[in-house]
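Participant: Output the structure for:
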Amino acid sequence: MWAMLPNTNKITSATTESIPNTDSFSKSNHGATFNLCQTYDLPSLVELSLANNPYTRAAWFNAVAAKASLGQAKAPYFPTLRFDASGGYSQTPYPTQSGPLKVNSTSINPGFELEYLLLDFGRRAADVRRTMALLEAANLNFNRKMQTTVFAVQQSYFAHSAALSQQQATLSNLELSRTVVDMVQAQLQTGLSTQPELLIAKKNLSQAEFDHASASRNVEVTLGNLRSAVGVQANAPLKVDVPSASFTLESFSSKVDILVAKAISNRPDLAAREAEIKARIAATQQAKAEFLPKLSLEGNYSSYSFGFYAKQGPTAGTYYGNYNQAGGFAVLSWDLFDGFEREEKVKKRRAEEAEARADAEATRLETSRDVWTSYQDSLKARKQVEYAVSLLSSSNESFESVKAAFKNGLATIVDLVSSQNTLQSARSEQVAAQADYLTSLASLSLAMGQFSPAQSTR
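Facilitator: Numbering: from 1, shown residues only. Predicted coordinates for the structure are as follows:
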């Protein structure tokens, strides 16, 4: 029943073809692209989900944003060049002994300013380390999101497979119930059965019809869940292939302690927590560097063109002029007191660093718990599959025996219906046990931070 997954270390797009009359299921409406003529098995469903699942895309763009933040953190290592230009008209009155002097002037003043930070005592370096750690965490979280996407597809696929098997089981039970009704009717004509026994058989047939309708409804619900897990709408015409493969049980050759140790070293979300600790440490270092001065070079160049007209006084007349101005400075700046803002910022960064360490420890504990729980669930599910197979075999033998006894008049209809219900219950338990077992293997794979079951558990 287990299908080996494709290589999912790289995200690949699912094959698409141009299909006519598919506007209602276009990529713009559904956020996904799939081939309407293709029937998807588990590996192709996983590939399609990794390429189109919106949660995976959101994690990917979060990593892209983190990469841009890294480039932004490196920008202060370069000088900044700014261009400013101002121009306008003004009228200024000046009092003189001969009367007020009004000066009308126009001016244009373009200029450049250059600033280059030479020494900041680790501010920029700490910010770069912080953003690099956040980029690493974003990439690791994206890897984990891909793993959860794969698990969601596996879980939904196994649930849909179980629903199909359950539908088939209820159909077999429905056909068996009809056979029982025919048997009772035949014996009623020969006087070997009574009318109450026929009513019991018909009641059992009605229950079988109800169970089959409920199982058919579950098939459609699980199919919608599977489509949503892949990244398309629940009503999208995505066709799924669930082959009737032979079911085999896996053997566990590794101890749970070894699996826990591997999970702690492999889980990307745990590695992301460690990267976040590095980012918090760098943020604390950056906050401490704010107590130190900064040394930078500043330069400017401007050209001032002017013209003014005076109407009165000894300076009356029209004047035009232009002059250039340039300068260069070494600037040392040091914030000596800021109302304890920097002290509080350092306290905040230290608290955030402690919080990140606590989150990492919590994730480590959750990892060990997830592996332990999934491992125990796998062992229990494996035993339940073995018990279910044995129960189905014995229930089938018991039903055949009671059926033969009923034909010979040695068993009642109550015995036959009870044996039939036991057989149907055994079929349902076997289907559920197989689905639970496959899901537990996928859950163990997710707990260990892998795309497929651990090599040691195959």
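Participant: So for A14, what pLDDT did the model give?
Facilitator: For A14, the pLDDT comes out at 33.
Participant: cool, the one 4 residues further on as well?
Facilitator: Listed pLDDT for S18 reads 32.
Participant: do the same with S28
Facilitator: Looking at S28, its pLDDT reads 37.
Participant: Could you do the one 5 residues further on as well?
Facilitator: Per-residue confidence (pLDDT) for T33: 69.
Participant: Residue numbering should commence at 50 henceforth.
Facilitator: Sure, I'll start numbering at 50, so the last one becomes T82.
Participant: Could you list the low-confidence segments of the stretch 200-349 of the chain?
Facilitator: Per-residue confidence for the stretch 200-349 of the chain (pLDDT under 70) gives these ranges: 293-296, 300-302.
Participant: which residue ranges form the strands in it?
Facilitator: Under the criterion DSSP state E, counting those that start in this stretch, the stretch 200-349 of the chain contains strands at 288-289, 343-359.
Participant: got the contact list for the first one?
Facilitator: So that's strand 288-289. Strand 288-289 is contacted from outside by L85, Q87, T88, Y89, D90, L94, Y206, H209, L272, L275, using CB atoms under 8 Å, 6 or more residues apart in numbering. Yep, even glycine has a C-beta here, placed from its N, CA and C like the rest.
Participant: redo that, cut-off 6 Å
Facilitator: With CB atoms under 6 Å, 6 or more residues apart in numbering as the test, strand 288-289 has contacts from T88, Y89.
Participant: Just checking: what are the partner strands of that strand?
Facilitator: Next to strand 288-289 in the sheet, as set by DSSP bridges, lie strand 88-89 (parallel).
Participant: So for stretch 276-293, what gets flagged as buried?
Facilitator: By neighbour count on 16 or more other CB atoms under 10 Å, the buried set for stretch 276-293 is R276, A278, V279, G280, V281, A285, L287, V289, V291.
Participant: For the residue nearest the centre of the chain, what is the enclosing helix or strand?
Facilitator: Against the mean C-alpha coordinate of the chain, by CA atoms, centre = their mean, the closest residue is K194 at 3.6 Å. Using DSSP states H and E, K194 sits in helix 172-239.
Participant: got it, and F378?
Facilitator: Going by DSSP H and E, F378 is in strand 366-382.
Participant: Can you give the distance from whatever helix or strand comes next after that strand to the centre of its chain?
Facilitator: Downstream of strand 366-382, the first helix or strand assigned by DSSP H and E is helix 390-456. Relative to the chain's own centre, helix 390-456 is displaced by 20 Å; criterion: CA atoms, centre = their mean, to the nearest Å.
Participant: Next, the angle helix 172-239 makes with helix 390-456.
Facilitator: Here helix 390-456 runs at an angle of 10 degrees relative to helix 172-239 (axes from the mean of the first three to the mean of the last three CA atoms, to 10 degrees).
Participant: list the helices and strands the next helix or strand after helix 390-456 packs on?
Facilitator: The helix or strand immediately downstream of helix 390-456 is helix 462-496, counting by DSSP H and E. Applying 3 or more CB pairs under 6 Å, 6 or more residues apart in numbering; DSSP states H and E, one finds that helix 462-496 contacts helix 172-239, helix 244-279, helix 390-456.
Participant: among the ones you listed, which is the most enclosed?
Facilitator: helix 172-239 (a mean of 20; mean count of other CB atoms under 10 Å).
Participant: Distance from that helix to the middle of the chain?
Facilitator: With CA atoms, centre = their mean, you get 17 Å for helix 172-239.
Participant: what's the angle from that helix to helix 462-496?
Facilitator: Orientation of helix 172-239 against helix 462-496 (the same axes, to 10 degrees) gives an angle of 170 degrees.
Participant: Who are the packing partners of helix 172-239?
Facilitator: Counting contacts by 3+ CB pairs under 6 Å, 6+ apart, helix 172-239 is packed against helix 91-101, helix 103-123, helix 244-279, helix 317-338, helix 462-496.
Participant: So which of those is the most surrounded?
Facilitator: Most buried among the helices and strands packed on helix 172-239, counting by mean count of other CB under 10 Å: helix 91-101, with a mean of 23.
Participant: same question for that one, mean pLDDT?
Facilitator: 87.
Participant: okay, that helix in CSV with CA atoms only?
Facilitator: Output of helix 91-101 as CSV, limited to C-alpha atoms (Å, rounded to 0.1, in the frame of the first residue of the first chain):
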residue,chain,number,x,y,z
LEU,A,91,0.4,9.4,-4.3
PRO,A,92,3.9,10.5,-5.7
SER,A,93,2.3,12.8,-8.3
LEU,A,94,-0.1,14.2,-5.7
VAL,A,95,2.9,15.1,-3.5
GLU,A,96,4.7,16.7,-6.4
LEU,A,97,1.7,18.7,-7.3
SER,A,98,1.1,19.9,-3.7
LEU,A,99,4.7,21.0,-3.3
ALA,A,100,4.4,23.1,-6.5
ASN,A,101,1.0,24.6,-5.8
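Participant: Just the C-alpha atoms of stretch 420-435, please, in CSV.
Facilitator: Extracted in CSV, the C-alpha atoms of stretch 420-435 (Å, rounded to 0.1, in the frame of the first residue of the first chain):
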residue,chain,number,x,y,z
VAL,A,420,8.8,10.7,17.8
TRP,A,421,7.9,8.8,21.0
THR,A,422,4.1,9.1,20.3
SER,A,423,4.4,8.3,16.6
TYR,A,424,6.7,5.3,17.3
GLN,A,425,4.3,3.9,19.9
ASP,A,426,1.3,4.6,17.6
SER,A,427,3.1,2.7,14.8
LEU,A,428,3.7,-0.3,17.1
LYS,A,429,0.1,-0.3,18.2
ALA,A,430,-1.2,0.1,14.7
ARG,A,431,1.0,-2.7,13.5
LYS,A,432,-0.5,-5.0,16.1
GLN,A,433,-4.0,-3.9,15.4
VAL,A,434,-3.5,-4.8,11.7
GLU,A,435,-2.4,-8.3,12.7
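Participant: hmm, back to that, make JSON lines from the helices and strands packed on helix 462-496 and add distance to T105 to it.
Facilitator: Formatted as JSON lines, the helices and strands packed on helix 462-496 follow (distance: least, CB to CB, whole Å):
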{"stretch": "helix 172-239", "distance to T105": "5"}
{"stretch": "helix 244-279", "distance to T105": "11"}
{"stretch": "helix 390-456", "distance to T105": "20"}
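Participant: of those, which approaches K151 most closely?
Facilitator: helix 390-456 (49.0 Å; CB to CB).
Participant: helices and strands around that closest one, which ones?
Facilitator: With contacts taken as 3+ CB pairs under 6 Å, 6+ apart, helix 390-456 sits against helix 305-315, helix 317-338, helix 462-496.
Participant: Would you mind listing where the stretch 350-499 of the chain has pLDDT under the threshold?
Facilitator: For the stretch 350-499 of the chain, applying pLDDT under 70 flags the ranges 359-365.
Participant: ok so, going back, okay, the buried residues of stretch 276-293 in JSON lines with distance to E164 next?
Facilitator: Formatted as JSON lines, the buried residues of stretch 276-293 follow (distance: CB to CB, whole Å):
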{"residue": "R276", "distance to E164": "56"}
{"residue": "A278", "distance to E164": "53"}
{"residue": "V279", "distance to E164": "53"}
{"residue": "G280", "distance to E164": "48"}
{"residue": "V281", "distance to E164": "52"}
{"residue": "A285", "distance to E164": "56"}
{"residue": "L287", "distance to E164": "57"}
{"residue": "V289", "distance to E164": "61"}
{"residue": "V291", "distance to E164": "66"}
